[in-house]
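A.B. asks: I would like the atomic coordinates for the input below:
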Amino acid sequence: MPLVKRKFYVPCSEMECLKLYELLKEKIPSVNYVSMNITEKGLLIEAYGYESDIKDLWFEVKNIVGPLKEITRKKGIRKYKVPLLVKMIHKTFPPRLLVEVLNRMNYRAEYREIEDEVLTDAPLEVITNMAEKIANVNNEAGKLAMSTSTRYYVVAACVLTNLTVEDVVRYSVELGLARNTQDNRYVIVTDWRTTLDSFLKNIKR
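C.D. replies: This is a model prediction of the structure:
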């Protein structure tokens, strides 16, 4: 297959161009040469490599540009496509859990399962920061939690209070919000959202 050279121009703001560059970095190694230059009106991409690789690169650009423009708007409710957020933080996370965390940070947030997107007025930096924290704690919490709802509760409590998993579990047992099981794991005694609100209320005291 012959090598080809292509130029692509993407109209975008400075912030959009920077985000686009960050998201495309993981795609660059499959192409022999890629140059990205931010101009006054957008991002100029020059690529040299196998035609199939360059087509894949351009396909990736087009898939990112639309959702990226949506989430970099400055005001109002924005749509955050979950697959795009996963690419940004390079980790998976439960979107429903992200929504519950944002709501308790006084942001408006809703998860649409069919569209696989989060609608919220939270800034992009807050979204990616919280999503990454959730992803980091999720596996550790799963080792002590007996159920998914208990894991969600522990993760949300850790993220919102900056406590460790062990501290959240210990305080939860002391407060009567969770109990120890026979296999030395833990389970909450009521709905995880209600339990979370009770935990946060007691911790603030």
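
A.B. asks: per-residue confidence averaged over stretch 132-139?
C.D. replies: Stretch 132-139 comes out with an average pLDDT of 94.

A.B. asks: Report the buried residues of that stretch.
C.D. replies: Residues of stretch 132-139 classed as buried: 132, 133, 134, 135, 137, 138 (neighbour count, 16 or more other Cβ atoms under 10 Å). The C-beta positions use only the backbone N, C-alpha and C, and glycine is treated the same way.

A.B. asks: neighbours around residue 40, how many?
C.D. replies: Residues within reach of residue 40, counting by other Cβ atoms under 10 Å, total 5.

A.B. asks: which SS class is it?
C.D. replies: Here residue 40 is recorded as coil under DSSP: H, G, I helix; E, B strand; the rest coil.

A.B. asks: Go ahead and confirm residue 203 touches residue 161.
C.D. replies: Yes - Residue 203 sits in contact with residue 161 when judged by Cβ atoms under 8 Å, with a separation of 5.7 Å.

A.B. asks: how about the helices in the protein?
C.D. replies: Counting by DSSP state H, the chain has helices at residues 14-24, 51-71, 82-89, 95-103, 124-144, 148-161, 165-174, 192-204.

A.B. asks: can you give me phi and psi for residue 182?
C.D. replies: phi -70, psi -30 (degrees, to the nearest 10).

A.B. asks: Now do the contacts for the residue nearest to the spatial centre of the chain.
C.D. replies: Using Cα atoms, centre = their mean, the residue of the chain that lies closest to the mean C-alpha position is residue 131, 3.8 Å off. By Cβ atoms under 8 Å, 6 or more residues apart in numbering, the contact set of residue 131 is 85, 89, 91, 93, 98.

A.B. asks: If we use 7 Å, what do you get?
C.D. replies: Residue 131 sits next to 85, 89, 93, 98 when contact means Cβ atoms under 7 Å, 6 or more residues apart in numbering.

A.B. asks: gap between it and residue 93?
C.D. replies: 5 Å (Cβ to Cβ, to the nearest Å).

A.B. asks: Residue 177 now?
C.D. replies: Where residue 93 is concerned, residue 177 sits at a distance of 23 Å (Cβ to Cβ).

A.B. asks: Same question for residue 172.
C.D. replies: Relative to residue 93, and taking Cβ to Cβ, residue 172 is found at 22 Å.

A.B. asks: what bridges to the closest residue to residue 14 other than its chain neighbours?
C.D. replies: Distances taken as Cβ to Cβ, 6 or more residues apart in numbering put residue 38 closest to residue 14, at 6.7 Å, once the chain neighbours are dropped. Following DSSP bridges, residue 38 is listed with bridge partners residue 43.

A.B. asks: Compare residue 172 and residue 93 (neighbour count), which wins?
C.D. replies: The neighbour comparison of residue 172 against residue 93 (other Cβ under 10 Å) goes to residue 172, with 24 against 21.
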